[in-house]
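Undergrad: just need the structure, nothing else, for what follows:
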Amino acid sequence: MKIFVFLFPQFNFSTAPKEEAYFKMLGEDEPLACRMKESHLRNKDKKSRLSLLLAKSGSHENVSPEKKPPTTNKHIPPDEALKWSDSFEDLLSHSDGVEFFTRFLRTEFSEENIEFWLACEDFKSTESSTKLQTKARQIYAVFIDKEAPKEVNIDHSTKTTIEKNVLHPTRSCFDVAQDKIYSLMKRDCYPRFLTSDIYLTLTKRKGPVPMTRRRSRSFVLNDRAEGTAAWL
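TA: Numbers count the residues shown, from 1 in each chain. This next block holds a predicted model:
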């Protein structure tokens with residue numbers, strides 16, 4: 001009885017796994033499981049690459065999703081911090097107000113809202129058409145795209161419009177989305193910020209700070225009492 005021994009010198013079975021040698025012998029590059037694993041890892045790395053996109057391009061620091069406000073405690077005079085409760089506009093007009101509001105949003109895992117709003121403000125102030133195109137693509141990749149690492153909560157119709165606009169961007173191509181995020185922060189986030197421990201610590205108060213409303217300068221005459229005026 002003759003025994004035939006087939007040798008495959010091209011395979012090193014002592015160092016390669018049996019499965020790898022088997023698939024090589026069949027002419028396959030690698031097992032399906034291995035290819036699926038590598039595909040998963042590539043998708044996983046995609047978001048991290050997008051997160052670093054802005055930092056590599058040297059764009060405005062507020063646009064970068066990796067940008068984090070300083071964690072050091074600043075000394076903010078309580079009277080100054082109290083002014084932030086006058087209106088949401090007053091809060092955003094103060095650099096320290098933006099910083100502490102961002103800290104608060106981070107506790108709610110929604111800091112992408114203020115970062116997107118700041119990115120849009122920077123975008124609208126861009127003069128160079130070349131930089132405008134670059135920043136438009138960056139904002140879309142980081143905040144708008146369905147796989148964006150800092151995707152903001154806007155409706156599908158607005159996203160679709162932005163997707164078309166970024167091909168030939170103008171300074172107003174993000175205005176609708178920015179207004180929606182602004183309204184969301186003003187309506188939902190801002191009131192909670194005023195009652196948060198972060199803000200109460202700044203104002204040296206133990207209870208919620210009441211929101212003040214500025215009186216309108218317009219008035220109407222009261223028909224019942226001639227000569228009297230009622231503030232609106």
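
Undergrad: quick check: next helix or strand after the helix or strand harbouring residue 182?
TA: Residue 182 is part of helix 175-184 when elements are defined by DSSP states H and E. Remark: after helix 175-184, the chain's next helix or strand is helix 190-194, criterion DSSP H and E.

Undergrad: can I get that following helix in CSV, CA atoms only?
TA: Output of helix 190-194 as CSV, limited to C-alpha atoms (Å, rounded to 0.1, in the frame of the first residue of the first chain):
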residue,chain,number,x,y,z
TYR,A,190,-31.7,77.7,29.6
PRO,A,191,-34.4,77.4,32.3
ARG,A,192,-32.8,74.3,33.7
PHE,A,193,-29.4,76.0,33.7
LEU,A,194,-30.8,78.8,35.9
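
Undergrad: mind giving me the domain split of the chain?
TA: Following automatic domain parsing, the chain resolves into domains at 1-39, 49-203.

Undergrad: what ranges in this structure fall below the confidence cut-off?
TA: Within the chain, the set of residues satisfying pLDDT under 70 comprises 1-73, 206-232.

Undergrad: could you pull out the strands for the chain?
TA: 219-221, 229-231 (DSSP state E).

Undergrad: may I see the buried residues of the helix holding residue 182?
TA: Within helix 175-184, the residues scored as buried using 16 or more other C-beta atoms under 10 Å are 177, 178, 180, 181, 182, 184. In short, each C-beta sits where N, CA and C put it, glycine included.

Undergrad: got a list of contacts for that helix?
TA: Residues outside helix 175-184 that contact it (C-beta atoms under 8 Å, 6 or more residues apart in numbering) are 113, 116-117, 120, 144, 152-155, 158-159, 161-162.

Undergrad: can you count the residues close to residue 77?
TA: By other C-beta atoms under 10 Å, the residues close to residue 77 number 11.

Undergrad: got the phi/psi numbers for it?
TA: Main-chain torsions, residue 77, degrees, to the nearest 10: phi -60, psi 130.

Undergrad: that one and residue 199, how far apart?
TA: To residue 199, residue 77 is 14 Å away according to C-beta to C-beta, to the nearest Å.

Undergrad: with residue 124 instead?
TA: 28 Å.

Undergrad: was I right about residue 142 contacting residue 149?
TA: Yes. Applying C-beta atoms under 8 Å as the test, residue 142 and residue 149 come out as touching, 6.3 Å apart.

Undergrad: comparing those two, which shows the higher neighbour count?
TA: The residue with more neighbours, out of residue 142 and residue 149, is residue 142; 26 against 19, by other C-beta under 10 Å.

Undergrad: so what's residue 137 up against?
TA: By C-beta under 8 Å, 6+ apart, residue 137 lies in contact with residue 166.
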